[in-house]
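Enquirer: pasted the sequence and its predicted model underneath.
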Amino acid sequence: MSSMLTVCNTGSTPTFVTKNRAEVLDLTLCTNHMSHSVTNWKVHKDTSFSDHRLITFQVDREYSTHPSHYRNVRNATWDKYVVHLDKSLSEIPHKLPTTYSVVVERAISSAFECSCRLVMRSSTRRQSWWSAELTSLRKLAKRSHKKALRSKSASDWSASKEATRAYKAKIRSSKRASWRKFCSEVNNLPAAMRLHRVLKGSKSHQIGSLRKPNGEFTSTPGEALNVLFDAHFPDDVNISHRHQNTDPSLVLEDDDLETRIVTEDRVREAIKSFDPYKSAGLDKIYPILLQRGIDILVPHLKNLYSSSLKMGHVPSRWNEAKVVFPSKPEKEDYTSAKSPT
């Protein structure tokens with residue numbers, strides 16, 4: 001109870017099995033607020049190529065982290081995209097920046113959906129290092145293990161261990177050969193950067209339990225977000241409502257200043273500077289969508305930025321962001337609210 005963790009194991013099926021032992025050694029733990037979401041906990045009796053048996057369970061959530069369908073922006077029909085975008089933005093009255101930004105965003109998204117078909121996300125992906133020999137060795141290891149479980153003889157257990165050892169050795173050699181081939185084919189900067197990130201081991205961290213100022217730990221994602229908010233914005237009150245109204249102190253007194261700061265040439269230059277297939281934000285708009293429709297979008301974006309600057313009004317959509325928690329070298333403790341960047 002003091003650690004706020006719950007054991008998810010059910011039943012008494014052994015999780016660790018050898019020729020002379022069968023015990024429950026493996027535990028599945030989760031936080032208290034997630035315990036009701038963990039269902040169908042099960043120990044599989046199939047060969048796992050280890051003394052520890054495979055354990056699976058299901059986490060019931062209200063959302064799916066991996067949508068079953070997606071659109072590949074590289075396969076979009078750009079002529080169709082431009083035509084639909086031009087039609088959607090042909091007659092838009094000049095309104096407040098918030099309304100204007102929503103209309104432009106929806107026009108881009110709608111044009112993309114009409115020009116790029118929805119495809120099913122594959123649930124399986126063949127590994128480049130897999131081979132027919134590995135398939136044969138895996139079948140042999142499974143047969144040997146099942147035979148050893150039935151007979152319980154020392155000779156059959158030795159044969160099972162030897163078959164499993166040969167199978168794992170072949171996996172390691174195949175992975176090494178595939179990795180060498182991949183490294184030898186790196187011939188451009190983007191591929192080299194991806195390889196560098198893999199070797200460096202950098203990864204993003206999800207928000208977990210954070211330590212509160214009183215020493216206790218958060219138990220829900222919402223509570224963790226509140227701790228982060230209080231740590232990074234200690235003096236900012238009612239920030240969630242600030243974008244809803246225009247701030248008079250930000251209104252420009254010079255009527256021509258926004259026209260000198262925001263020009264179509266500058267907007268066009270900024271759009272062209274993006275990497276075409278850079279990851280999209282929360283609006284799911286890739287830079288290539290702006291670049292392909294640049295002649296149509298530049299006048300609207302110029303008006304939008306000018307209006308926002310002149311009125312001192314930031315569209316509510318622009319106040320939303322996706323926060324990533326990168327790892328830091330030789331840092332293992334991420335329970336402090338000051339750790340995320």
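Expert: Alright, I've got the coordinates.
Enquirer: ok, the spatially closest residue to Pro287 that is not a sequence neighbour - how many residues close by?
Expert: Distance criterion Cβ to Cβ, 6 or more residues apart in numbering; nearest residue to Pro287, sequence neighbours excluded, is Phe274 at 3.5 Å. In short, each C-beta sits where N, CA and C put it, glycine included. Around Phe274 there are 13 other residues, counting by other Cβ atoms under 10 Å.
Enquirer: tell me the contacts of Phe274?
Expert: Pro287, Leu290, Gln291 (Cβ atoms under 8 Å, 6 or more residues apart in numbering).
Enquirer: in what helix or strand does the last one lie?
Expert: Remark: Gln291 resides in helix 287-292, with elements defined by DSSP states H and E.
Enquirer: got the CA positions of that helix in PDB?
Expert: This file holds the C-alpha atoms of helix 287-292, laid out as PDB (Å, rounded to 0.1, in the frame of the first residue of the first chain):
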ATOM      1  CA  PRO A 287       4.900  20.900 -43.700                       C
ATOM      2  CA  ILE A 288       4.500  19.400 -47.200                       C
ATOM      3  CA  LEU A 289       0.800  20.300 -47.000                       C
ATOM      4  CA  LEU A 290       1.700  24.000 -46.600                       C
ATOM      5  CA  GLN A 291       4.400  23.800 -49.300                       C
ATOM      6  CA  ARG A 292       2.100  22.100 -51.900                       C
END
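Enquirer: what separates it from the chain centre, distance-wise?
Expert: Taking Cα atoms, centre = their mean, to the nearest Å, one finds the center of helix 287-292 at 22 Å from the center of the full chain.
Enquirer: what do you get for stretch 175-194?
Expert: 23 Å.
Enquirer: mind listing what's buried along that stretch?
Expert: Residues of stretch 175-194 classed as buried: none (neighbour count, 16 or more other Cβ atoms under 10 Å).
Enquirer: quick one: contacts of it?
Expert: So stretch 175-194 is contacted by Gln127, Ser128, Trp129, Leu195 (Cβ under 8 Å, 6+ apart).
Enquirer: do that again at 10 Å, thanks
Expert: Gln127, Ser128, Trp129, Trp130, Ser131, Leu195, His196, Val198, Leu199, Asp275, Tyr277 (Cβ atoms under 10 Å, 6 or more residues apart in numbering).
Enquirer: list the contacts of the second one.
Expert: Contact partners of Ser128, counting by Cβ under 10 Å, 6+ apart, are Ser174, Lys175, Ala177, Ser178, Trp179, Lys181, Phe182.
Enquirer: looking at the residues you listed, which is nearest Val267?
Expert: Among these, Phe182 lies closest to Val267 (Cβ to Cβ), at 39.7 Å.
Enquirer: returning to what we had before: quick one: secondary structure of the residue nearest to Pro287?
Expert: coil (DSSP: H, G, I helix; E, B strand; the rest coil).
Enquirer: check Arg143 too.
Expert: helix.
Enquirer: from Glu91, how far off is it?
Expert: Separation of Arg143 from Glu91 (Cβ to Cβ, to the nearest Å) stands at 70 Å.
Enquirer: between the two, who's got more neighbours?
Expert: Between Arg143 and Glu91, counting by other Cβ under 10 Å, Arg143 is the more crowded of the two (14 against 6).
Enquirer: OK, contacts around that one?
Expert: Thr47, Ala159, Ser160, Ala163.
Enquirer: check Thr31 too.
Expert: So Thr31 contacts Ser3, Met4, Leu5, Thr6, Gly208, Ser209, Phe217, Thr218, Ser219, Thr220 (Cβ under 10 Å, 6+ apart).
Enquirer: mind running it again at 6 Å?
Expert: Thr31 makes contacts with Met4, as judged by Cβ atoms under 6 Å, 6 or more residues apart in numbering.
Enquirer: would you map the strands across the stretch 101-250 of the chain?
Expert: 119-120, 204-205 (DSSP state E, counting those that start in this stretch).
Enquirer: mean pLDDT lowest for which of those?
Expert: Lowest mean pLDDT within the strands of the stretch 101-250 of the chain: strand 204-205, a mean of 53.
Enquirer: thought Asp86 was touching Ile296?
Expert: Yes. The pair Asp86 / Ile296 is scored as a contact, 5.2 Å apart, by Cβ atoms under 6 Å.
Enquirer: ok, Thr259 to Lys302 distance?
Expert: 9 Å.
Enquirer: so between the two, which is more surrounded?
Expert: When Thr259 is set against Lys302 and neighbours are counted by other Cβ under 10 Å, the residue ahead is Lys302, at 19 against 13.
Enquirer: and the more buried one, which of the three is it?
Expert: Lys302 ends up helix, using three-state DSSP.
Enquirer: contacting residues for it?
Expert: Counting by Cβ under 6 Å, 6+ apart, the residues that Lys302 touches are Val262, Glu264, Val267.
Enquirer: can we see that at 10 Å?
Expert: Glu258, Thr259, Val262, Thr263, Glu264, Asp265, Arg266, Val267, Arg268 are the contacts of Lys302 under Cβ under 10 Å, 6+ apart.
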